[in-house]
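Q: next one to model:
(one chain, ligands or ions: 1)
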Amino acid sequence: MKIYFAPLDGVTSHIYRNAYADFFEGVDKYFAPFISPCHNPKLKGKEIKDLLPENNNDKVRLIPQIMANNAEYFVKGAKQIAEMGYDEVNLNAGCPSGTVVPKGRGAGFLKDTYLMEKFFDEIFEKLDMKISVKTRIGLTDADEFEEIMEVYNKFPFEEIIIHPRTRVQLYKGEPDMEAFDMAYRISKNKLSYNGNIFTLEDYKEIESKYKINSVMLGRGLLRNPNLAEEIKQNKKIEISKEKLRKFYDRVFDDFAADMSSDKHLLNKMIEMWNYWSYATTDQHKCAKMIRKAHNVQKYRQAVDEIFEKFI
Ligand SMILES: Cc1cc2nc3c(=O)[nH]c(=O)nc-3n(C[C@H](O)[C@H](O)[C@H](O)COP(=O)(O)O)c2cc1C
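A: Numbering: from 1, shown residues only. Below you'll find the predicted structure:
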């Protein structure tokens, strides 16, 4: 089984990916958070920086992701991605954000299957690279998914990664396994499963039900960075306190070197600890300790205390 690291915008940038790959094993592909090509001829500097092969270490096999509903913009972005040396591009058909959905992008892309088909006709004709898609199951109702799958079935996708929730479900509640079952029955393309795999047991449940080649893990890997290796070895593996501390410090140091102000850095670390605090014995208290650390020195003290008392 191949393990994919899910894209999490604002979290799994090259800084996180590189640190992760230096410390942990088991991830076969990393999906980069989405970029949004627009009318400008070139991608933004920040977007290019995250994808440039020289900014991603050799252990990171990266698949760039584009969010677009305009085929011309998608093709333009994908061609720049190909120039960087990538042979695959992934389409984001799932972002639930209120700033993109009304414009027909992210999960909003799924609302009109006629336009979806036109979009795919054009990009498959104009691009000479592998195209995969990461998709939700609809905007408001899982009933929408069969028609969406019928569109995907008309095109030779590298694979279809399904996060079986509608847009309105955001990241809450249980994934809709009936919708995934339906896709599994009718898909002509290779499928990958994504959603709520937080433990080895969660993974085993998926593995026992479906013959698929890959699963994608997001929050589960952030909470427990050993999860990919646990899945590969089929056993729980403890991370030593020392290793975890070194990893967290590396992520902090690399973000510190990259960010212009301590305020941005501390906000980034608050976001990290929303996930990392799951590895402590008091998740809410530890996340709060980090939120209350208003400068770098206090942040370091809070991390010292967490490692002393809660890990
Ligand atoms: C903060 C955040 C940012 C995300 N950014 C992206 C993104 O850029 N592209 C994408 O396809 N999905 C994005 N997602 C969705 C995740 O890739 C994944 O589908 C979701 O977290 C469900 O998987 P999980 O239960 O394993 O975490 C994001 C999710 C979160 C919580």
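
Q: every contact and neighbour count from this point should use C-alpha atoms.
A: Noted.

Q: burial of residue 34, as a residue count?
A: Around residue 34 there are 20 other residues, counting by other Cα atoms under 10 Å.

Q: so it is in contact with residue 64, correct?
A: Yes: counting by Cα atoms under 8 Å, residue 34 touches residue 64, with 7.2 Å between them.

Q: how close does residue 189 get to the ligand?
A: Applying Cα to the nearest ligand atom, to the nearest Å, the value for residue 189 to the ligand is 18 Å.

Q: residue 224 now?
A: Using Cα to the nearest ligand atom, we find residue 224 at a distance of 11 Å from the ligand.

Q: list the contacts for residue 191?
A: Residue 191 is in contact with 159-162, 184, 212-214, counting by Cα atoms under 8 Å, 6 or more residues apart in numbering.

Q: in helices, which of those residues fall?
A: Among those, DSSP state H puts residue 184 in helices.

Q: give the buried subset of the contacts of residue 191 as a ChimeraX selection command.
A: Applying 16 or more other Cα atoms under 10 Å to these leaves a buried subset, and the ChimeraX line that selects it is:
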select :159,160,161,162,184,214
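
Q: out of the contacts of residue 191, which sit inside strands?
A: Counting by DSSP state E, the part of those found in strands is 160-162, 214.

Q: let me see the ranges of the strands in the stretch 1-150 of the chain.
A: 2-5, 29-35, 62-66, 88-93, 130-135 (DSSP state E, counting those that start in this stretch).

Q: nearest to the ligand, of the ones you listed?
A: Checking these against the ligand by Cα to the nearest ligand atom gives strand 29-35 as the closest, at 3.5 Å.

Q: that closest one: which residues count as buried?
A: Within strand 29-35, the residues that count as buried by 16+ other Cα under 10 Å are 29-35.

Q: please convert those to TSV, extending it with distance to the ligand and pLDDT.
A: Below are the buried residues of strand 29-35 laid out as TSV (distance: Cα to the nearest ligand atom, whole Å; pLDDT from 0 to 100):
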residue	distance to the ligand	pLDDT
29	13	98
30	11	98
31	8	98
32	7	98
33	4	98
34	4	98
35	8	98
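
Q: what's the end-to-end length of stretch 93-102?
A: End-to-end span of stretch 93-102 (Cα to Cα, to the nearest Å): 13 Å.

Q: what residues does that stretch touch?
A: By Cα under 8 Å, 6+ apart, stretch 93-102 touches 67, 105-110, 133-136, 163, 167-168, 170.

Q: residue 236: which of these is nearest?
A: Proximity of the contacts of stretch 93-102 to residue 236 (Cα to Cα) peaks at residue 163, which lies at 25.0 Å.

Q: contacts only, for the closest residue to residue 64 other than its chain neighbours.
A: In space, residue 64 comes closest to residue 32 once its chain neighbours are excluded; the distance is 5.0 Å by Cα to Cα, 6 or more residues apart in numbering. Neighbour list for residue 32: 6-8, 12-13, 51, 62-65 [criterion: Cα under 8 Å, 6+ apart].

Q: go through those and give me the one with the most neighbours.
A: Top of those by neighbour number is residue 65, holding 26 neighbours under the definition other Cα under 10 Å.

Q: buried residues, stretch 273-282. List them.
A: Of the residues in stretch 273-282, those buried (16+ other Cα under 10 Å) are 273-280.

Q: tell me if that stretch is near the ligand.
A: No: Stretch 273-282 does not reach the ligand (Cα under 6 Å from any ligand atom); its nearest approach is 10.0 Å.

Q: I'd say residue 188 and residue 153 touch.
A: Yes: here residue 188 reaches residue 153: they are 5.5 Å apart, a contact under Cα under 8 Å.

Q: who has more neighbours out of these two?
A: Relative neighbour count places residue 188 above the other of residue 188 and residue 153, with 18 against 14, counting by other Cα under 10 Å.

Q: for stretch 9-16, buried residues please.
A: 11-16.

Q: out of these, who's nearest the ligand?
A: Relative to the ligand, the closest of the buried residues of stretch 9-16 is residue 11; by Cα to the nearest ligand atom it sits at 6.8 Å.

Q: just give the closest residue to that closest one, not the sequence neighbours.
A: In space, residue 11 is closest to residue 272, 7.2 Å off (Cα to Cα, 6+ apart).

Q: by contact count, what packs against the helix or strand hosting the one you found?
A: Under the criterion of DSSP states H and E, residue 272 resides in helix 262-276. Counting contacts by 3 or more Cα pairs under 8 Å, 6 or more residues apart in numbering; DSSP states H and E, helix 262-276 is packed against helix 219-223, helix 241-258, helix 283-291, helix 296-309.
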